[in-house]
Each structure stands twice: as structure tokens, then as C-alpha cells.
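> I'd like to go over a predicted model; first the sequence, then the structure.
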Amino acid sequence: VAHMLFRWILKGLILSFLLKTTLSLNPDDPNVCSHWESYAVTVQESYAHPFDQIYYTRCTDILNWFKCTRHRISYKTAYRRGLRTMYRRRSQCCPGYYESGDYCIPLCTEECVHGRCVSPDTCHCEPGWGGTDCSSG
């Protein structure tokens, strides 16, 4: 039962993803505005990690069999997680419009009683009707 539930959930997620990608705003719609959006991505980055390297040289120290210990700083490649800022273009309806399918439709705050909304807060009235909301006969 759990396996079937998981499959249904997975199918639903895939379907919602496909619908979202196919129902994106039409870029040719003059009422679509776009802006650049930043987002962070986790990346694996390399860096030079310092470490103390011990080595031996010949010297005049008879007690250590003519061998002296020396130190030097060396570097090895190490990796760490980092954040990188990326940018993508986002489309959205311009102010005064709302999203309907893949188009941006004008929004009239007052209903156009005997007409239709043709631009933000602008009604086009049917013949014989007038006023800002087409309610005057």
C-alpha cells in the first residue's frame, strides 16, 4: 500500500511540474514584465589548504646521526562547500494585470457591469452604457 501511495505522489509531483513548465507566461504578451532574480547554489570548491610538512636534512648533529628535522609550509588541494549567487530572468504579469493560464489579464477593481475590462481599471462599455464601471444607462 505504501509503495502504491508513493507512486501516486510521485506521479502527482511530475504532473504538477509538467503543468507548471507548459503553462508559463507567453513572452510575446505585452503585459508580461520580467526582472532578474538572484538565487544561491551550493557548490563544491577547491582551495589550497596549508599544512606543516616535516622533512630531514643532513647536518652536523652527531647525536641524531647527522640528521636534522626541518619544517616547511606546503599546500594540498582540499574541498569545501560554498555558496555561489546565480541569476535568472523571471516573468510575471505587469502591475494592474493578473495571471490566467499563460496570459496576463487586466484587472479592474470595480466590476465592469455592462462591458469588459480592457486595461487596468478601464472598462469598455457595451453600446448604450457608460461610466467608469459601465453601470450608467
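Good, I have the coordinates.
> how about His114, what does it touch?
The neighbours of His114, taking C-beta atoms under 8 Å, 6 or more residues apart in numbering as the test, are Cys125, Glu126, Gly128, Trp129, Cys134, Ser135, Gly137. All C-beta atoms are positioned from the backbone trio N, CA, C, and that covers glycine.
> what helix or strand does the closest residue to Asp52 other than its chain neighbours sit in?
Distances taken as C-beta to C-beta, 6 or more residues apart in numbering put His71 closest to Asp52, at 5.6 Å, once the chain neighbours are dropped. Using DSSP states H and E, His71 falls within strand 67-93.
> wait, isn't Ser46 in contact with Lys76?
No: with contact defined as C-beta atoms under 8 Å, Ser46 does not count as touching Lys76 (10.3 Å).
> ChimeraX command for the buried members of the contacts of His114?
The ChimeraX selection below is limited to those of these classed as buried (16 or more other C-beta atoms under 10 Å):
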select :125,129,134,135
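> can you list the contacts of His114 in TSV and add secondary structure and pLDDT?
TSV is the format used below for those (DSSP: H, G, I helix; E, B strand; the rest coil; pLDDT from 0 to 100):
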residue	secondary structure	pLDDT
Cys125	strand	96
Glu126	coil	95
Gly128	coil	95
Trp129	coil	95
Cys134	coil	94
Ser135	coil	92
Gly137	coil	80
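> if we can go back for a sec, now do the same contact list for the residue nearest to Asp52.
Asp52, Gln53, Ile54, Tyr55.
> phi, psi of the second one?
Backbone dihedrals for Gln53, given as degrees, to the nearest 10, come out at phi -100, psi 120.
> got the contact list for it?
Gln53 is in contact with His71, Arg72, Ile73, Ser74, counting by C-beta under 8 Å, 6+ apart.
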